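Undergrad: This is the structure alone, sequence omitted:
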């Protein structure tokens, strides 16, 4: 297994590349499986930095993969919630080249770049979201935990409200448990339960982390690798939370600094977001790819990978509607497909141990139920009266419902909702394709969603005006099953010098979209440099200045 504790130098990931001398690179072709963030980024980078012709194969009709946006009766749904934030300067710039930042009322917005600042969107210079569609919004972040039918801050704070909501006895037990874990941490730290207990104590883990996390993964936390916590939560702890609150109280929240490189990702307080959701970003990227001569073929599924020695020479794809097949030859191949599908498609059967690990990899599937309402039963109290709660999403820690998380799309972007006087919700359920809930008809899923949200006092089920259900298979690659032997897969696939695994499912990594983009960018750089070593791709999101684990100074 990879050593995920080391710190990796990410200067190459963020390097400014000059356009290469494409005349030295004869006209070649790259076949890219998947039109998600990684696949589309690879295609765009190839078109702008080489003369290699990309052909993107996508089985659906949508751009963006899990980062797509669905338009249902004028109300838009973000599949899973995607904040546009990166500590990679390169990714931030890339996004803003596609969708420029809205005009700033404060005059300027500063994005910090490694001891430098770049000022953008001076007042009046940026586009007006009310008049222009191709625009990036700067949005406030707010997330809370819903537990005991009450709100708790996320990340946790030891505020007066938190202590009152928990009660004296529960607070006392949490404090004692945290002190015990601080003095006697579990070593070695092997699973996610131990990861949480070492940082928060057993009582706080059981109160605020266990139920939600087990809803997400469908297995006990002690069966999940600690590596998941190392990637998704990293430097966050009680002390990190208190230090952030103290710094905020005395130094302010950071003003217009979007980059916020000194802030743990779990504590970020503002982020970028496209006017019409993340799918707008990838639809724009796809438009530019086609405009520059790249191909994107939708409704196409790959069936077979043909190899010759340590190189891939072609793929066979099939039309999802007609079944008609076509073989595409290429010089370079990128895959964002689930590794199980990829390995089972090789013309030469991979070694037995590799298939054993691949077949044992686990994925978690995902459902979103969109509910349209005139109002919610919960609200924020303001000097101006009761208002819609300001949360982007709410973590549902209540153990008596299956619901895992609640999105309020009005708060991601007001343009996600057709009627600003209504509330557009996304109820998120984590499941497996074999689960009963996944196989229920949409009407039954909607009835369950309405019942559960009413049960925990967030809505009145009778108020629902409209509803829809969306399913996303293999949304989350899991860090259990045979994952601990993943290095066996990597060792085999990396031998194919012209095959690059990128993206979340392509690498079986719980990457954010910016991590996925970086893997694609670096793969293109490897091609330009003639580098067949894939180590730099696998180091993305293990540890960098980007990586959210705080350095000891």
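TA: In hand now; what should we look at? This one's a predicted model, so the numbers in the text were calculated from it and none came from an experiment.

Undergrad: Quick check: mean pLDDT of the helix or strand encompassing residue 93?
TA: For residue 93, the host element (DSSP states H and E) is helix 89-98. What helix 89-98 shows for mean pLDDT is 92.

Undergrad: Ok, stretch 385-394 next?
TA: 93.

Undergrad: quick one, helices of the stretch 101-250 of the chain?
TA: All helices of the stretch 101-250 of the chain, identified by DSSP state H, counting those that start in this stretch, fall at 160-166, 168-183, 192-200, 202-208, 210-217, 226-232, 238-251.

Undergrad: ranking these by mean pLDDT, which is last?
TA: helix 238-251 (a mean of 49).

Undergrad: right, and the helix or strand after it?
TA: strand 270-274.

Undergrad: Residue 223 and residue 214: what is the separation?
TA: 10 Å (CB to CB, to the nearest Å). No exception for glycine: its C-beta is placed from N, CA and C like everyone else's.

Undergrad: Compare these two and say which is more crowded by neighbours.
TA: Neighbours were counted for residue 223 and for residue 214 using other CB atoms under 10 Å; residue 214 has more, 19 against 16.

Undergrad: Could you list which residues are in contact with that one?
TA: Shown in contact with residue 214 (CB atoms under 8 Å, 6 or more residues apart in numbering): 220, 221.

Undergrad: chain center to the helix holding residue 93, what's the gap?
TA: 17 Å (CA atoms, centre = their mean, to the nearest Å).

Undergrad: With stretch 184-193 instead?
TA: 26 Å.

Undergrad: In JSON lines, list the helices of the stretch 101-250 of the chain along with distance to residue 39.
TA: Shown next, in JSON lines, are the helices of the stretch 101-250 of the chain (distance: least, CB to CB, whole Å):
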{"stretch": "helix 160-166", "distance to residue 39": "43"}
{"stretch": "helix 168-183", "distance to residue 39": "42"}
{"stretch": "helix 192-200", "distance to residue 39": "30"}
{"stretch": "helix 202-208", "distance to residue 39": "36"}
{"stretch": "helix 210-217", "distance to residue 39": "25"}
{"stretch": "helix 226-232", "distance to residue 39": "21"}
{"stretch": "helix 238-251", "distance to residue 39": "35"}
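
Undergrad: Tell me which of those sits most buried.
TA: helix 192-200 (a mean of 24; mean count of other CB atoms under 10 Å).

Undergrad: just the angle between that one and helix 210-217, please?
TA: 140 degrees (axes from the mean of the first three to the mean of the last three CA atoms, to 10 degrees).

Undergrad: Report all helices and strands that helix 192-200 contacts.
TA: Helices and strands touching helix 192-200, by 3 or more CB pairs under 8 Å, 6 or more residues apart in numbering; DSSP states H and E, are helix 168-183, helix 202-208, helix 210-217, helix 226-232.

Undergrad: so how far is residue 445 from residue 433?
TA: 14 Å.

Undergrad: These two: which is more packed in?
TA: residue 445 (21 against 12).

Undergrad: Go ahead and report the secondary structure state at that one.
TA: Here residue 445 is recorded as helix under DSSP: H, G, I helix; E, B strand; the rest coil.

Undergrad: go on, residue 286?
TA: Reduced to three states by three-state DSSP, residue 286 is helix.

Undergrad: Start the count at 296 instead of 1 going forward.
TA: From this message on, residue numbering opens at 296, which makes the last subject residue 581.

Undergrad: With adjacent residues omitted, what lies nearest to it?
TA: residue 358 (4.5 Å; CB to CB, 6 or more residues apart in numbering).

Undergrad: How about residue 713?
TA: Leaving aside its chain neighbours, residue 713 sits nearest to residue 369 (3.3 Å; criterion: CB to CB, 6+ apart).

Undergrad: repeat for residue 616
TA: Closest to residue 616 by CB to CB, 6+ apart is residue 594, at 5.9 Å.

Undergrad: OK, contacts around the residue nearest to residue 454 when sequence neighbours are not counted?
TA: Spatial nearest neighbour of residue 454, chain neighbours left out: residue 448 (6.5 Å); criterion: CB to CB, 6+ apart. Applying CB under 8 Å, 6+ apart to residue 448 gives the contacts 439, 440, 454, 456, 457.

Undergrad: any chance of those residues in JSON lines, with distance to residue 601 too?
TA: As requested, the contacts of residue 448 are arranged in JSON lines below (distance: CB to CB, whole Å):
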{"residue": "439", "distance to residue 601": "51"}
{"residue": "440", "distance to residue 601": "50"}
{"residue": "454", "distance to residue 601": "60"}
{"residue": "456", "distance to residue 601": "61"}
{"residue": "457", "distance to residue 601": "59"}
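
Undergrad: ok, the residues you listed vs residue 572, which is closest?
TA: Of all those, the one with the least separation from residue 572 (CB to CB) is residue 439, at 21.7 Å.

Undergrad: Tally up the residues packed near that closest one, please.
TA: 17.

Undergrad: bridging residues for it?
TA: Beta-bridge pairing of residue 439, defined through DSSP bridges, involves residue 448, residue 689.

Undergrad: Need the per-residue pLDDT for it.
TA: For residue 439, the predicted pLDDT is 92.

Undergrad: In contact with it, which residues?
TA: With CB under 8 Å, 6+ apart, residue 439 has these contacts: 446, 447, 448, 449, 686, 689, 690.

Undergrad: If you rank those by neighbours, which is first?
TA: residue 690 (24 neighbours).

Undergrad: where does this protein dip in pLDDT?
TA: By pLDDT under 70, the low-scoring segments of the chain are 296-321, 400-419, 450-453, 525-563, 837-848.

Undergrad: Show me where the stretch 546-695 of the chain has its helices.
TA: Using DSSP H, counting those that start in this stretch, helices in the stretch 546-695 of the chain cover 573-586, 634-638, 647-654.

Undergrad: Run through who's touching the last one.
TA: What that stands for is helix 647-654. Taking CB under 8 Å, 6+ apart as the rule, helix 647-654 contacts 634, 635, 638, 639, 644, 645, 777, 780, 781, 783, 784, 787.

Undergrad: Pull out the buried residues from that helix.
TA: 649, 650, 652, 653 (16 or more other CB atoms under 10 Å).

Undergrad: re earlier: looking at the helices of the stretch 546-695 of the chain, which is nearest to residue 666?
TA: helix 573-586 (19.8 Å).

Undergrad: That closest one - contacts with which helices or strands?
TA: Checking 3+ CB pairs under 8 Å, 6+ apart, helix 573-586 ends up next to helix 332-344, strand 364-367, strand 370-373, helix 384-393, strand 590-593.

Undergrad: and it, how far from the chain's centre?
TA: For helix 573-586, the distance to the chain centre is 18 Å (CA atoms, centre = their mean).

Undergrad: buried residues in it?
TA: For helix 573-586, by 16+ other CB under 10 Å, it's 573, 574, 575, 576, 577, 578, 579, 580, 581, 583, 584.

Undergrad: before we move on, what about stretch 351-366?
TA: Buried, per 16+ other CB under 10 Å, within stretch 351-366: 351-354, 357-365.

Undergrad: Distance from that stretch to the middle of the chain?
TA: That offset, for stretch 351-366, works out to 15 Å (CA atoms, centre = their mean).

Undergrad: One more: stretch 802-822?
TA: 13 Å.

Undergrad: and what of stretch 380-399?
TA: The mean C-alpha position of stretch 380-399 is separated from the chain mean by 17 Å, CA atoms, centre = their mean.

Undergrad: show me what contacts the residue found closest to residue 387 once you drop the neighbours it is linked to in the chain?
TA: Computed as CB to CB, 6+ apart, the closest residue to residue 387 that is not its neighbour in sequence is residue 381, at 5.4 Å. By CB under 8 Å, 6+ apart, the residues touching residue 381 are 387, 390, 807, 809, 841.

Undergrad: Show the buried residues in those residues.
TA: 387, 390, 807, 809, 841.

Undergrad: Between which two of the contacts of residue 381 is the distance greatest?
TA: It's 390 and 841 that sit farthest apart of the contacts of residue 381, by CB to CB, at 14.9 Å.

Undergrad: Nothing else from me, thank you.
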